[in-house]
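*Asks:* Dropping a prediction and its sequence here:
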Amino acid sequence: MGKLALAIVGLGILVLSAAPAQAQATRTWVSGVGSDANPCSRTAPCKTFAGAISKTFINGEINCLDPGGFGAVTITKSITIDCHEVFASILASGTTGIIINIAVNANDPLRTVRIRNLNINGAGASGTIGTRTGINGIRIDAALDVFIEDVMIDGFTQRGILDQRAAAGNLYVSNTTLRNMAGAGAAVAPSSGAPRIDATFTNVLSENNTFGIAIGSGARAIRDPGGGGRHGPALQQRRRVQHDGRFGGGQLLHQQSILEQRLPGHDHPHRSRHDPDGPAIVSSGNKRRA
């Protein structure tokens, strides 16, 4: 009898050791009153985006159950963060709100990030002074495609959006406001200078930033009116703090950069290219600024 009991116990240990770890969910949830110790389900949501992303499968989605501040997050796999119809924010005092750094991975062929319906705030304290202390709102280091939709980015010491990928990729920004940056509202600047990053801005407002949109060498930016039509410009820039002769409708162009403006009713885009030996902006096509 003793030997039989021992055998049963041994079998139980074998079964337990062979049991798989808890599977990641395709959809997870965060809540202002959640806990990162939870499984991030709808009935037991997590507290932060960082807590939820570790429990979300590749190319899955994180949703917001109710209003809250969900903390800065580093994204290392394809993911959607969507807080539609819910007030959701990231308070990034002294840091970057969202870092996107998806390395090449056979299990993640899409390498795509979608950020929707978020407020990202760089407010913080410097001693007794309330000011902006966040670094960048969103920083993109590595990914194939990044979509930023219906996002408000406010008050960072560097840039609202910084795309510094060392490999080619696409950036799509739509229905987004970038304001109160010490640097550019958005900067598209390939870190190696060689691969091209294509960035499309649709219905984007950049206001009270040092530069509206900064386009680095080897990048191409497209201002697309989209659904705005003739009376809804693709990109609006208000209060350019610095005027150094290098702006074209709020854009700072560097050598080898291309700016295209898609105009309603025209098949070919207006194109601006920086000529280092001549005027700051050389334009051809339909002479129209957003």
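*Replies:* Structure received. Numbering: from 1, shown residues only.

*Asks:* Next, residue 50: secondary structure please.
*Replies:* Using DSSP: H, G, I helix; E, B strand; the rest coil, the three-state assignment for residue 50 comes out as helix.

*Asks:* Report the contact partners of the closest residue to it other than its chain neighbours.
*Replies:* Leaving aside its sequence neighbours, residue 50 sits nearest to residue 73 (Cβ to Cβ, 6 or more residues apart in numbering; 4.8 Å). (C-beta placed from N, C-alpha, C; glycine too.) Taking Cβ atoms under 8 Å, 6 or more residues apart in numbering, we find residue 73 in contact with 48, 49, 50, 53, 81, 90, 97, 98, 99.

*Asks:* need these in CSV with neighbour count, distance to residue 210 and pLDDT, can you?
*Replies:* As requested, the contacts of residue 73 are exported to CSV (neighbours: other Cβ atoms under 10 Å; distance: Cβ to Cβ, whole Å; pLDDT from 0 to 100):
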residue, neighbour count, distance to residue 210, pLDDT
48, 19, 31, 98
49, 27, 29, 98
50, 16, 30, 98
53, 22, 32, 98
81, 25, 28, 98
90, 25, 22, 98
97, 28, 19, 98
98, 26, 21, 98
99, 18, 22, 98
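
*Asks:* how's this structure carved up into domains?
*Replies:* 25-60, 71-284 (automatic domain parsing).

*Asks:* Start and end of the shortest one, how far apart?
*Replies:* Distance across domain 25-60, first residue to last, is 7 Å (Cα to Cα, to the nearest Å).

*Asks:* What residues of stretch 98-108 count as buried?
*Replies:* By 16 or more other Cβ atoms under 10 Å, the buried positions in stretch 98-108 come out as 98, 99, 100, 102, 108.

*Asks:* repeat for stretch 40-60
*Replies:* Those would be 40, 45-53, 55-56, 58-60, for stretch 40-60 by 16+ other Cβ under 10 Å.

*Asks:* Also stretch 130-143?
*Replies:* Buried-residue list, stretch 130-143, by 16+ other Cβ under 10 Å: 132, 133, 134, 135, 136, 137, 138, 139, 140, 141, 142, 143.

*Asks:* which residues touch the second one?
*Replies:* Looking back up the chat, that one is residue 133. Residues in contact with residue 133 (Cβ under 8 Å, 6+ apart) are 93, 94, 122, 123, 124, 125, 126, 157.
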